[in-house]
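[1] For reference, the sequence and a predicted model appear below.
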Amino acid sequence: MNTLDKENLHKEIDLIQSCITRMASNSFLIKGWTISIIAIVLALVDKEINPLLLCLMLLLPLIAFWWLDAFFLYTEKLYRKLYEWVITERPKKNAELMYNLNPHRFKDKLFQIKKDKKPKKLETQFSVMLSSTLLSFYGIIAAIIIVTGIFIFFNKEPKPIVSNVQQIEIVKIPQSSEKTVKVEMDSVPAINVNAKIENQCPNNTNEVKNKENK
């Protein structure tokens, strides 16, 4: 291999290596965003929220980030296949697809690594999603969210029929046969309750009895 071929090989390898580094960096950032968003939601969520709604709020972004992480890891594996091909073929004077950084042409050559003697299966984004590294990270978080939601659901105290009473005001009207009770609450509008009472006053009754005795 002459000097020009070596220089081209080094440039091509550097380009592929930069793509691999970028995929790994994106995967790391996705994991950080996942933990941050879940922590923020748990810190700011209302305590009275429905546990089922809370689980959906946490599981939907978790699955989305899980899928994106699998995409970056799968693409990184394709770039590694491209790296291996360049290292093998370029010293053989094979200038095919020089500086072509499209790794998807190696989809048919990317197989799952198995220790047994069973036939190899092609690696896919879904199989990468269920790999031991991603499954252990996102699966544990998903299990914690589900268990927490079930625990909150079964240990949630029932709400009382009337709660959060702020003010009770009783207004007496002289020489009237009605008493007005005004109740103000947070969750329901003001309620006016009119209760009829007997128009009798203890003081007036005593005066009448004293007059009769005289």
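    Great, that's in hand.
[2] Outline the domain layout of this structure.
    Here the domain parsing of the chain from automatic domain parsing is 3-154, 165-213.
[3] where among these is the average confidence lowest?
    Comparing mean pLDDT across the domains of the chain, the weakest is domain 165-213, with a mean of 49.
[4] Check which residues of stretch 32-49 are buried.
    Within stretch 32-49, the residues that count as buried by 16 or more other C-beta atoms under 10 Å are Thr34, Ile38. All C-beta atoms are positioned from the backbone trio N, CA, C, and that covers glycine.
[5] And stretch 120-136, by the same measure?
    Using 16+ other C-beta under 10 Å as the test for burial, stretch 120-136 gives Glu123, Val128, Met129, Leu134.
[6] Can you list the buried residues in stretch 65-81?
    Buried, per 16+ other C-beta under 10 Å, within stretch 65-81: 65-66, 68-81.
[7] before we move on, the earlier item: please identify which pair of the buried residues of stretch 120-136 lies farthest apart.
    Spatially, the most separated pair among the buried residues of stretch 120-136 is Glu123 and Leu134, at 13.0 Å (C-beta to C-beta).
[8] neighbouring contacts of stretch 64-80?
    Contact with stretch 64-80 is made by 16, 19-20, 23-24, 26-27, 30-31, 33-34, 103-104, 106-107, 110, 123-126, 128-129, 131, 133-134, 138, as judged by C-beta atoms under 8 Å, 6 or more residues apart in numbering.
[9] for the protein, what spans make up the helices?
    Along the chain, counting by DSSP state H, helices occupy 3-44, 51-89, 125-129, 132-154, 202-213.
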